[in-house]
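Chemist: sequence first, predicted model second:
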Amino acid sequence: MRSHFLHMVIYATIVSTFFATMFRDTPKGRLRLGGILWLAMVGGALVLAYVMYPFPR
Amino acid sequence: MPERMAHDASDDNLGRSGMGRLAAIVAAAWAVPGLGHILLGRVQRGLLFALLIWASFALGLAHEGRLALRDPRQPILSSLQVIANLGVGPADAVARFSVYGKPVYRFRGAPDWRSEDRVERVFRERARSGVSIYGTAYLWTAGLMNLLLLFDVWDIGTRRKN
């Protein structure tokens, strides 16, 4: 599997689920923190990619 | 401050046998990811942690992640990498045995990239693999997550955390 994007999504899912489970006790709290972390990782990477798009090197 | 004092008091309440039992649980948590939480009664949480760590570890091995070896040319950085790998417990030694033929943790002297030594050759081949960068990240993450879990187990055991 060589898709960088797919790896990023899988990685973000594993890490965000881990931290949400560790730091929140309720399902609602876990979902909220996990969602925030997942969006921060995946969304942040996509935003950064677009910002860097004009500067390929 | 009063909260901190309450924490210290809870440590005292555990007693010597309680601390010994907790140390054994932390050791079990290192050896088998998720087991520490299960032994402390957090079964669902422990199973989920186990699933996440084993998934990350399996993805790392499936993508030819580098099982770090201490390199005398970069002792600090490479040692930290080895520690990250070791975080996952004895499974790391099994993986090294499977990949390198023995549970090896350091290069014998400075690595020679033309060497035909099995460990150096395998390490070199995996580093060149196109997917190794993903696998290495998964392996380190599995180990670091399990190391973080040890602190969580300790905090739950000393009642600093529910």
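Modeler: Arrived safely.

Chemist: which bits of chain B sit near chain A?
Modeler: B:45, B:48-49, B:52, B:55-56, B:59, B:63, B:130-131, B:134, B:137-138, B:141, B:145, B:148-149, B:152, B:162 (C-beta under 8 Å from any C-beta of the partner chain). Yep, even glycine has a C-beta here, placed from its N, CA and C like the rest.

Chemist: let's see that with 10 Å instead.
Modeler: B:37, B:42, B:44-46, B:48-49, B:51-53, B:55-56, B:59, B:62-63, B:130-131, B:133-135, B:137-138, B:141-142, B:144-145, B:148-149, B:151-152, B:161-162 (C-beta under 10 Å from any C-beta of the partner chain).

Chemist: let's see which of these end up in helices.
Modeler: In this view, the residues of chain B next to chain A that belong to helices under DSSP state H are B:37, B:44-46, B:48-49, B:51-53, B:55-56, B:59, B:62, B:133-135, B:137-138, B:141-142, B:144-145, B:148-149, B:151-152.

Chemist: for the longest helix out of those in chain A, what is the average pLDDT?
Modeler: The longest helix of chain A (DSSP H) is helix A:27-52. Averaged across helix A:27-52, the pLDDT comes to 96.

Chemist: that one: which residues count as buried?
Modeler: A:30, A:33-34, A:37-38, A:41-42 (16 or more other C-beta atoms under 10 Å in any protein chain shown).

Chemist: repeat for stretch A:3-11
Modeler: A:7, A:10-11.

Chemist: reformat the residues you listed as CSV; add distance to chain B, secondary structure and pLDDT.
Modeler: CSV is the format used below for the buried residues of stretch A:3-11 (distance: C-beta to the nearest C-beta, whole Å; DSSP: H, G, I helix; E, B strand; the rest coil; pLDDT from 0 to 100):
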residue, distance to chain B, secondary structure, pLDDT
A:His7, 5, helix, 95
A:Ile10, 7, helix, 97
A:Tyr11, 7, helix, 97
